[in-house]
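In: Predicted model, plus sequence, below.
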Amino acid sequence: MIRPIGRRAALAAIATTPALPRLASAQGTWPDRPVRFIVAFPAGSGTDVNARIFAEALQVELGQPVVVDNRGGANGFIASEAVARARPDGYTFLFTANTTHGSNPALFRRLPYDPVADFSPVALIGLGVLLVVVNNDLPIRTMQDLVAYGRANPGRLNFASGSASSRVAGEMFKSMAGVDMVNVTYRSNPLGITDVISGVAQVMFVDATTSAPHAREGRVRAIGVTSRERTSILPDVPTVEEQGFQGYEMLSWTAVYGPAGTPAPIVTRMNRLINEIMARPSVAERLTATGTMLRPGSPDDLATFQAAEIDKWKRIVTAAGIELQ
């Protein structure tokens, strides 16, 4: 039997609970200073572009600056650790991609952060397509050409990757097609595609935000799309699957997280604002122009989605024969 406690005991309990005053304050006055988005990838990456779109809109809604703080490198470890260790007061959020919270658990035996326990899910932004691009000097215009070239030139074909999606997309195709390609890792996708343009690297499976502008300007040749359907940003480029590789699909995603323990009212408000911003035609147009397929939802939706993604990436990595790091 649970006995009711007296008013004096209740007040004493509240007075000795340190989290309650901070939570009440956060609910009543948040935000009263700048909010920070720590981005897990360098400036110019797809994740960074999306983060800046939201930061611009959110600072109007919140009445405080929203600062974009790029902490790229180390497969997102740096940014993820920074947010995992940040004070959960609603002033620090992680704007990230599947690399840190979906793919890394499948690629590494040990992580310096827990992608589930160390974070409070806030909002899923959307899914993103990747383009397969090649250096213009190569005699490659289709995915079948890529396979034929790789088989004719064993050990001479390499593919750049600057994120987990980029790497796994290439490894998965390599396994599926039986083509010899060597992975060369980069600190970010923009750095990798720069080497594809110059010819240092030959191929890249890379987010459309990074690669589509280069493809449109003729600096690289886009030969495939990793989604099941063609993308509106480059509608003439066929999917990998429709070029004969049945079942091939690779999508990235972006999302926002806070440190574990971020007050629920702040998470709820941030989620609502992000969804409202996504619903604005002007913002939706900018996001879809980067190849992002919007997926608004609740924090619980993101948690459920992330759990399924972690399982999915583990299956993909195992099937592709990628050795854990």
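Out: Great, that's in hand. Residues are numbered from 1 along each chain as shown.

In: ok but residue 116 is inside a helix, no?
Out: No. In this structure, residue 116 is coil, not part of a helix, as judged by DSSP: H, G, I helix; E, B strand; the rest coil.

In: What distance do you get for it to residue 211?
Out: Residue 116 is 31 Å from residue 211, where distance means CB to CB, to the nearest Å. Heads up, the C-betas are built off the backbone N, CA and C, glycines and all.

In: which helices and strands does the helix or strand hosting residue 184 pack with?
Out: Assigned by DSSP states H and E, residue 184 belongs to strand 182-185. For strand 182-185, the helices and strands in contact under the criterion 3 or more CB pairs under 8 Å, 6 or more residues apart in numbering; DSSP states H and E are strand 158-161, helix 164-177.

In: Ok, which of the ones you listed comes nearest residue 110?
Out: Across the helices and strands packed on strand 182-185, residue 110 has its closest neighbour in helix 164-177 (15.6 Å, CB to CB).

In: Any buried residues in that closest one, and which?
Out: Within helix 164-177, the residues that count as buried by 16 or more other CB atoms under 10 Å are 164-174, 176-177.

In: and if you look at stretch 224-238?
Out: Within stretch 224-238, the residues that qualify as buried by neighbour count (16+ other CB under 10 Å) are 224-227, 231, 233-234, 237.

In: Repeat that for stretch 33-44.
Out: Of the residues in stretch 33-44, those buried by neighbour count under the rule 16+ other CB under 10 Å are 35-42, 44.

In: Parallel or antiparallel, list what pairs with the longest strand anywhere in the chain.
Out: Counting by DSSP state E, the longest strand found in the chain is strand 119-134. With DSSP bridges as the criterion, the sheet partners recorded for strand 119-134 are strand 203-207 (antiparallel), strand 221-225 (antiparallel), strand 251-259 (antiparallel), strand 292-294 (antiparallel).

In: Dump those strands to CSV, plus mean pLDDT and distance to residue 64.
Out: Rendered in CSV, the data for these read as follows (pLDDT from 0 to 100; distance: least, CB to CB, whole Å):
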stretch, mean pLDDT, distance to residue 64
strand 203-207, 95, 30
strand 221-225, 97, 39
strand 251-259, 96, 16
strand 292-294, 91, 25
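
In: could those go into TSV alongside distance to residue 152?
Out: As requested, the strands paired with strand 119-134 are arranged in TSV below (distance: least, CB to CB, whole Å):
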stretch	distance to residue 152
strand 203-207	14
strand 221-225	17
strand 251-259	31
strand 292-294	36
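
In: Please identify the deepest-packed of the ones you listed.
Out: Ranked by average neighbour count under the criterion mean count of other CB atoms under 10 Å, the strands paired with strand 119-134 are headed by strand 203-207 at a mean of 31.

In: which one among the buried residues of helix 164-177 gets closest to residue 292?
Out: Proximity to residue 292 was ranked across these by CB to CB; first place goes to residue 165, at 13.3 Å.

In: Pull the contacting residues for that closest one.
Out: 97-99, 103, 130, 205, 207, 250-252 (CB atoms under 8 Å, 6 or more residues apart in numbering).

In: how far away is it from residue 68?
Out: Computed as CB to CB, the residue 165 to residue 68 distance reads 21 Å.

In: Name whatever forms a beta bridge with the spatially closest residue to residue 86 that is not a sequence neighbour.
Out: Leaving out its chain neighbours, the residue that sits closest to residue 86 by CB to CB, 6 or more residues apart in numbering is residue 92, at 4.0 Å. When assigned by DSSP bridges, residue 92 has beta-bridge partners residue 36.

In: before we move on, what about residue 204?
Out: The residues paired with residue 204 through beta bridges, assigned by DSSP bridges, are residue 133, residue 160.

In: ok, now which ones touch it?
Out: Counting by CB under 8 Å, 6+ apart, residue 204 has contacts 132-134, 159-161, 166, 170, 189, 192-193, 196, 211, 220.

In: can you redo these as a markdown table with distance to residue 321 and pLDDT?
Out: Converted to a markdown table, those look like this (distance: CB to CB, whole Å; pLDDT from 0 to 100):
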| residue | distance to residue 321 | pLDDT |
| --- | --- | --- |
| 132 | 20 | 98 |
| 133 | 24 | 98 |
| 134 | 23 | 98 |
| 159 | 16 | 96 |
| 160 | 20 | 96 |
| 161 | 16 | 93 |
| 166 | 17 | 90 |
| 170 | 13 | 93 |
| 189 | 23 | 88 |
| 192 | 22 | 94 |
| 193 | 25 | 96 |
| 196 | 24 | 97 |
| 211 | 26 | 93 |
| 220 | 28 | 98 |
